[in-house]
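how would this look folded up:
(4 chains)
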4 protein chains.
Amino acid sequence: MSLTIAVVGPALAKPEELTAAEEVGRLLAAAGHTVITGGHGGVMEAASRGAAIADGTVIGILPGTQRDANPFVSIALPTGLGEMRNALIVRAADAVICVGGSWGTLSEVALAMRTGVPVVVLRGWELPEGPVLADSPQEAVMAAIRLGSQAHGQR
Amino acid sequence: MSLTIAVVGPALAKPEELTAAEEVGRLLAAAGHTVITGGHGGVMEAASRGAAIADGTVIGILPGTQRDANPFVSIALPTGLGEMRNALIVRAADAVICVGGSWGTLSEVALAMRTGVPVVVLRGWELPEGPVLADSPQEAVMAAIRLGSQAHGQR
Amino acid sequence: MSLTIAVVGPALAKPEELTAAEEVGRLLAAAGHTVITGGHGGVMEAASRGAAIADGTVIGILPGTQRDANPFVSIALPTGLGEMRNALIVRAADAVICVGGSWGTLSEVALAMRTGVPVVVLRGWELPEGPVLADSPQEAVMAAIRLGSQAHGQR
Amino acid sequence: MSLTIAVVGPALAKPEELTAAEEVGRLLAAAGHTVITGGHGGVMEAASRGAAIADGTVIGILPGTQRDANPFVSIALPTGLGEMRNALIVRAADAVICVGGSWGTLSEVALAMRTGVPVVVLRGWELPEGPVLADSPQEAVMAAIRLGSQAHGQR
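Numbers count the residues shown, from 1 in each chain, chains lettered A, B, ... in the order given. Next up is the predicted model:
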């Protein structure tokens, strides 16, 4: 079963977050899953680059009406919704992997938790109980695939 | 200047949160401001009841396509957007007062912080730095009016 | 029963459309109903002015993130959705009165017909069969109230 | 340049509309372009099937929260927006090809015209002046690619 997994995280990210996000994207694509992100820089770009390296498909749900995605996005979808597009990323995903923290990232994690989309946190802000915590990209990807498969089946 | 202030918080709330939300709604309406909420129960209903007691206007931005607002909402707007309607509440508000915690509430606080809408937290989950913390309904309302007036002027 | 009736029409309207829209707004407000529009100029402003003259409530669902409604709107709600906000006007309405034609107006009429919201056309572009045609503001308002009451009851 | 072209039309379509839509999808994919549709049946499914036959990529922007796309969609994106998702299809497209008529289809054509997305009508309801009229799938696809390339360049 091919899943659609969102990778969410800040546009302004730390080096170790970028490294982790790229590895997450690579592992997801190598396992045959589609990566969906907000289409811009930082963690979004790193996850896209990782997936592109593994010849995966990357969907970028863009906030503006321009097609201004990072160069590793295979399908760029302008929405014109601004930050409201965060909710679309969550809706289209079977599971969400969060790498790093920012208010925009937190809005995606919170919406996913609210609407029953499984969330795996690799690195990021301290959160209330609920999301699954992972210690490595491998662990995050395995958890997201396992939880996303269950969620996918229930839809 | 009449402002539009969002009161956000859980549908399943604690008694002290309901008491605080009702007082927040009452104080906002007494000062001539419009209250906007998600239109359902718990903190949303308590804030609406408080505003209604003070003859204020309460806008309920509903998740479904039904007009199923709590009885204290003066203007019920069905959106059919589900939890994505949280973003609309934040967009329409000059400031946000958060009373109590839940994942849906957190999504509203995070979106507001991300998009530059001032947030005042009266009670709720522990949050990263950024929102203004208040110790009483009076303090929360005063802070929201002050910050909301500045934000309103800049629009 | 107080209904929420949308008045839709072009920002660049003909004098007779503006006259008709103002009368529609006035009659709706005089009968105790809330008027909802896109909040900008032309037919939207004329309907708002009519409702304001009769001391009615006018909701303006704005496309941008600014609070740039016409001066007769009592409650301005910025959405940041651009023309996608047209769908929200239709969702929040018990019935739609169309005065005059434009592509934006047509999108609202078509969405209303698609989603089962009654449409009354007073003046406007030629349309496929379906909407109720009215010859005067009085007739349009009476039809919208009658059809909107039925639709409201079914929600 | 690879474009994203929307094919819009009714779920309940006539045989000649289905034949035309399938040929449109096939020609778009054969020319290397991505097809985007509402993801469901009728014209949406026929265009998807045509694109799939030519090994193309088909994006389905779904109204519900379920992943209930027709079997020829390569990337299914649930939105939970209901008919409001029509606006997203238009936003993500460089051009729109309309095959057949319905109120939902008309809402997409009208939104595209309103927001400056080129529209080519192959078969469908009579419309106000504006969209380009085509007499065959070949002509429709050529016009959409030409107009979409210009629009794409301007973004």
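
got the residues of chain A near chain B?
A:82-84, A:86-88, A:91, A:101-104, A:106-107, A:110-111, A:113-115, A:125-126, A:128, A:130 (Cβ under 8 Å from any Cβ of the partner chain). C-beta here means a position set from N, CA and C on the backbone, and glycine is covered the same way.

mind listing what's buried in the lowest-mean-pLDDT helix or strand in chain A?
One helix or strand of chain A scores below all others by mean pLDDT, DSSP states H and E: helix A:137-154, with a mean of 92. Neighbour-count burial for helix A:137-154 flags A:P137, A:A140, A:V141, A:A143, A:A144, A:I145, A:L147, A:G148, A:S149, A:A151, A:H152 (criterion: 16 or more other Cβ atoms under 10 Å in any protein chain shown).

look up the closest residue to the fifth one, ignoring the ones flanking it.
Closest residue in space to A:A144, ignoring its immediate chain neighbours: A:A95 at 4.3 Å, by Cβ to Cβ, 6 or more residues apart in numbering or on different chains.

so which residues of chain A form strands?
A:4-8, A:34-37, A:58-62, A:75-78, A:95-99, A:119-123, A:132-133 (DSSP state E).

redo those as JSON lines? Include distance to C:V24.
What follows is the strands of chain A, written out as JSON lines (distance: least, Cβ to Cβ, whole Å):
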{"stretch": "strand A:4-8", "distance to C:V24": "46"}
{"stretch": "strand A:34-37", "distance to C:V24": "45"}
{"stretch": "strand A:58-62", "distance to C:V24": "39"}
{"stretch": "strand A:75-78", "distance to C:V24": "36"}
{"stretch": "strand A:95-99", "distance to C:V24": "47"}
{"stretch": "strand A:119-123", "distance to C:V24": "49"}
{"stretch": "strand A:132-133", "distance to C:V24": "55"}
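
for C:E16, find the nearest of those.
Ranking these by proximity to C:E16 (Cβ to Cβ) places strand A:75-78 first, at 38.3 Å.

that closest one near chain D anywhere?
Yes: contact of strand A:75-78 with chain D (Cβ under 8 Å from any Cβ) involves A:I75, A:L77, A:P78.

please name the residues that touch the closest residue in space to the first one that isn't next to it in sequence.
This means A:I75. Nearest non-adjacent residue to A:I75, counting by Cβ to Cβ, 6+ apart: A:I59, 4.9 Å away. A:I59 makes contact with A:4, A:34-37, A:39, A:73-75, A:77, A:92, D:75, D:77, according to Cβ atoms under 8 Å, 6 or more residues apart in numbering or on different chains.

A:I53: how many residues sit nearby?
By other Cβ atoms under 10 Å in any protein chain shown, the residues close to A:I53 number 14.

I meant to write A:K14 there.
A:K14 has 16 neighbours, counted by other Cβ under 10 Å.

my read is that it contacts A:S102, right?
No: A:K14 is beyond contact range of A:S102, at 11.2 Å (criterion: Cβ atoms under 8 Å).

for chain A, which residues are neighbours of chain C?
A:T65, A:G80, A:L81, A:G82, A:M84.

ok, the second one - contacts?
The neighbourhood of A:G80, defined by Cβ under 8 Å, 6+ apart, consists of A:P63, A:G64, A:T65, C:L81, C:G82, C:M84, D:R91.
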